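In: From the sequence below, what's the structure:
(4 chains)
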2 protein chains.
Amino acid sequence: MATRINALGTASKRPTILDVAAACGVSPATVSNVLAEKRHIAESTRALVLEKVRELGYVASATARGLRMSRTWSIGVVVGDIANPFNPEVVRGIEETLWAKKNSLILCNTDSVSERKVAYLQNLIDKHVDGLILISQSLTQKEANALDMSRLPPLVTINRFSEVIEGDHVTVQNEGGVRELMQHLFDLGHQRIAFIKGMTSSTSAKERYDAYRSSMKKMGFPVDRNFVIQGDYTMESGVEAANKLLELPGLPTAIVAANDAMAIGVLGVLRDRGVSVPNDISVAGFDDIFMARHPLIALTTVEQPKYETGATAARLLLERIEDGPETAVRRVTLDATLKIRGTTGHAKPD
Amino acid sequence: MATRINALGTASKRPTILDVAAACGVSPATVSNVLAEKRHIAESTRALVLEKVRELGYVASATARGLRMSRTWSIGVVVGDIANPFNPEVVRGIEETLWAKKNSLILCNTDSVSERKVAYLQNLIDKHVDGLILISQSLTQKEANALDMSRLPPLVTINRFSEVIEGDHVTVQNEGGVRELMQHLFDLGHQRIAFIKGMTSSTSAKERYDAYRSSMKKMGFPVDRNFVIQGDYTMESGVEAANKLLELPGLPTAIVAANDAMAIGVLGVLRDRGVSVPNDISVAGFDDIFMARHPLIALTTVEQPKYETGATAARLLLERIEDGPETAVRRVTLDATLKIRGTTGHAKPD
DNA sequence: TTGAAAGCGCTAACAC
DNA sequence: GTGTTAGCGCTTTCAA
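Out: Below you'll find the model as predicted:
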């Protein structure tokens, strides 16, 4: 007859390394060494220790070990908003990689609010995390000054590169991806192409915008000032941008958004206003978030390998923690892939 | 001229409480008490300590304090897959609540694989987290046996209630929500209503299915065996279920899925097959995930307050940690709200 | 091959 | 009001 498990916090005291040592008639140092496989131990004692460890259900206290070794085996992951569809897949990649090396992931949502970011980072530094990963978040000089940077652990940035920080970095081929996308639109006969930008503080947003401009320029197509709208990577800003664009006297034949969330916002507006996609206007994004793939959305976009991005960042961080500050800074740029779906088609003739 | 911040892990040694004490000419205990605001300290020394603390940039080591107080101020959150759109919003709710009380969130993805769940839980127990939250995950007796339950910290379950575990629990009005949804369909003239179930191991899935059956029964409508398909809450299983339903000789006029992910999978299939929604078939889900609200999806569904669900679970857990195992087990059931959108319409006449 | 002992940085009990 | 001291549970020299 099984008894129900009490999950109310009646945890019994755990055995310590002393308990195991006493049970075996050896010193705690020996137990420690058996478990850490550090120095050679007689096979007989080794077996005995292992047996008692299992018998007592002994597990070393991560806290005590952390105090002694000044490590926490935990990594702070700072993200604007975990509910933003781009992020969970990146976080998964990080998490899998950390788990494989027995590190914990401490998740922090900053809401992209500067004060909150600073507070969270300080908290993580104070908590003595072994490393930090910033997803699409960066640090301004001002924010950095507000922090106690002298105690900063190794930090890896994803997507947003900061001049202020000298550290490892993972990003995607933003220019190449957008250029490929633009070429796709040119091939379909588009010339009047609008662009919805991300925040200029984001290097990835800047690169995507630059690639849009240079692609247009290379084709000899003018960039109408009104065709460049400032967004902030949220779906709402995509909605606003679309509304602005639709007010214009001369409509664009295609709208490219610097990320999928904004592009999907645009699609919603066009749908509500009865504008046919891609017959009247083509729409494209960047990221290839989960939602973009659904048949009802079918957004043409540029895929950023999100899981791999996260996994790479975690790998770089773990290696940095291992190797120390001596080895050179590393910047990894992953490939972007154009995904042609249903929202792009031939340009509507004037 | 600003120097760049080195993020490679050249952190300098932090000052300890002894450094502060020495700088002030007081004992470490006094410093500790000033910071903890435990016992009364002369205003003059208090001010001095505070000044030196700021001057040296002293922050107490969470590790040392944790060892001493046997607390970690961190909470393990175990989730099947953070990339599953239901979860991020719940996690946000948890995270905000924990942050307000200075607790950290350790995120764990189990992929809903039993072994992995057990391994993760054991890891969290070993890490001495102060509490645990399981989102839509439960523990079978077998899994529980594989764990060292004697050291289990307080645990709160979300959505999936386990008979095996005696602990606090947060869920939503599953029966009420589905009944309301069914009534909406009945009002539209639907009688041939198919249902895509979740895993029977999930109490919420079971409750939603039961409500479907009892609603049908109450109306005197037969439940065709073929109209009940087993899914697993993933979009893919919704796709499979829709394909099965469309093979049937007599089609249903409406398809209700036990969650939005499956319903959205159904919508994709219907779209691909040229079945008009809601003209030919109505579709509805449960949860009201972000994607369901988009104009191109516009899924009729029952909203589960996800953020609030997470926030409530975190609050219950923190209170449980504070109050200890003595106070009675609490079960909170949040309200579900019917959201009528574009995927439900009048039943197609035979 | 093993043990003894110091100490990681903190808090709490006990003194004064 | 404040100081002294004993650990929390572990790893790691240094000795044997």
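In: Give me the contacts around stretch A:233-249.
Out: Surrounding stretch A:233-249, the residues in contact under the criterion CB atoms under 8 Å, 6 or more residues apart in numbering or on different chains are A:84, A:136, A:194, A:196, A:198-199, A:202, A:205, A:226-227, A:229-231, A:251-252, A:255, A:257-259, A:261-266, A:268-270, A:273, A:275. Placement of C-beta: from N, CA and C, glycine included.
In: What residue spans form the domains of chain A?
Out: Following the assignment in automatic domain parsing, chain A carries domains at A:2-60, A:72-172+A:306-334, A:174-305.
In: will you turn these into a markdown table that also has distance to DNA strand D, mean neighbour count and mean pLDDT?
Out: Putting these into a markdown table (distance: least, CB to the nearest atom of the strand, whole Å; neighbours: other CB atoms under 10 Å in any protein chain shown; pLDDT from 0 to 100) gives the following:
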| stretch | distance to DNA strand D | mean neighbour count | mean pLDDT |
| --- | --- | --- | --- |
| domain A:2-60 | 3 | 15 | 89 |
| domain A:72-172+A:306-334 | 11 | 21 | 91 |
| domain A:174-305 | 37 | 21 | 96 |
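In: Could I get those domains in CSV, plus columns for distance to DNA strand C?
Out: Shown next, in CSV, are these (distance: least, CB to the nearest atom of the strand, whole Å):
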stretch, distance to DNA strand C
domain A:2-60, 3
domain A:72-172+A:306-334, 9
domain A:174-305, 35
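In: Turn these into JSON lines, columns for distance to B:R341.
Out: Formatted as JSON lines, the domains of chain A follow (distance: least, CB to CB, whole Å):
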{"stretch": "domain A:2-60", "distance to B:R341": "38"}
{"stretch": "domain A:72-172+A:306-334", "distance to B:R341": "20"}
{"stretch": "domain A:174-305", "distance to B:R341": "13"}
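In: State whether A:S70 and A:H128 are indeed in contact, as I suppose.
Out: Yes. Shown here, A:S70 and A:H128 form a contact pair, counting by CB atoms under 8 Å, at 7.5 Å.
In: list the residues that contact both of those two?
Out: With CB under 8 Å, 6+ apart as the test, A:S70 and A:H128 both reach B:T63.
In: Excluding sequence neighbours, find me the nearest residue to A:A23.
Out: Closest residue in space to A:A23, ignoring its immediate chain neighbours: A:K52 at 4.5 Å, by CB to CB, 6 or more residues apart in numbering or on different chains.
In: What is the helix or strand harbouring the one you found packed up against?
Out: When elements are assigned from DSSP states H and E, A:K52 belongs to helix A:43-56. Using 3 or more CB pairs under 8 Å, 6 or more residues apart in numbering or on different chains; DSSP states H and E, the elements in contact with helix A:43-56 are helix A:17-24, helix A:28-36.
In: do the helix or strand following it and chain B meet?
Out: Scanning forward in sequence from helix A:43-56 by DSSP H and E, the next helix or strand is helix A:62-69. Yes. Part of helix A:62-69 sits near chain B under the criterion CB under 8 Å from any CB of the partner chain, namely A:62-64, A:66-67.
In: Name all residues that make contact with the residue of the stretch 1-150 of chain A found nearest chain B.
Out: Closest approach of the stretch 1-150 of chain A to chain B (CB to the nearest CB) occurs at A:A7, with a separation of 3.1 Å. Contacts were defined as CB under 8 Å, 6+ apart; by that measure A:A7 touches B:132, B:152, B:154-156, B:165-168.
In: So which of the residues you listed sit within strands?
Out: Applying DSSP state E to those, the entries found in strands are B:132, B:155-156, B:165-166, B:168.
In: Between those, which sits nearest A:L316?
Out: Nearest to A:L316, judged by CB to CB, of these is B:L132 at 30.2 Å.
In: which residue packs closest to that closest one, ignoring adjacent ones?
Out: The shortest distance from B:L132 to any residue other than its chain neighbours is 4.2 Å, reached at B:L155 (CB to CB, 6+ apart).
In: distance of that neighbour from A:G250?
Out: For B:L155, the distance to A:G250 equals 61 Å [CB to CB, to the nearest Å].
In: now swap in A:G76 and tell me
Out: On the measure of CB to CB, A:G76 and A:G250 end up 48 Å apart.
In: One more: A:K127?
Out: To A:G250, A:K127 is 55 Å away according to CB to CB.
In: in chain A, which spans are helices?
Out: Along chain A, counting by DSSP state H, helices occupy A:17-24, A:28-36, A:43-56, A:62-69, A:86-100, A:114-126, A:141-146, A:174-187, A:203-219, A:235-247, A:260-272, A:306-323.
In: Now A:S74. Nearest residue, chain neighbours left out?
Out: In space, not counting the residues next to it along the chain, A:S74 is nearest to A:S104; the distance is 4.1 Å by CB to CB, 6+ apart.
In: Surely the one you found and A:R71 touch.
Out: No. Between A:S104 and A:R71 there is no contact under CB under 8 Å: 11.8 Å.
In: Now do the shared contacts for these two.
Out: Contact criterion CB under 8 Å, 6+ apart; residues shared by A:S104 and A:R71: none found.
In: returning to that earlier point: from the ones in strands among the contacts of A:A7, pick the one nearest B:I281.
Out: Nearest to B:I281 out of the ones in strands among the contacts of A:A7 is B:V156 (CB to CB; 38.7 Å).
In: The closest one pairs with what?
Out: With beta bridges defined as DSSP bridges, B:V156 has these partners: B:I133, B:D168.
In: quick one: contacts for it?
Out: Counting by CB under 8 Å, 6+ apart, B:V156 makes contact with A:7, B:131-134, B:167-170, B:313-314, B:316-317, B:320.
In: Would you point out the most distant pair within those residues?
Out: A:A7 and B:A314 (15.3 Å).
In: Disregarding flanking residues, what is the spatial nearest neighbour of the closest residue to chain B within the stretch 51-200 of chain A?
Out: Of the stretch 51-200 of chain A, the residue with the smallest distance to chain B, taken as CB to the nearest CB, is A:G167 at 3.0 Å. Nearest-residue entry for A:G167: B:A7, 3.0 Å, with adjacent residues in sequence omitted and distances by CB to CB, 6+ apart.
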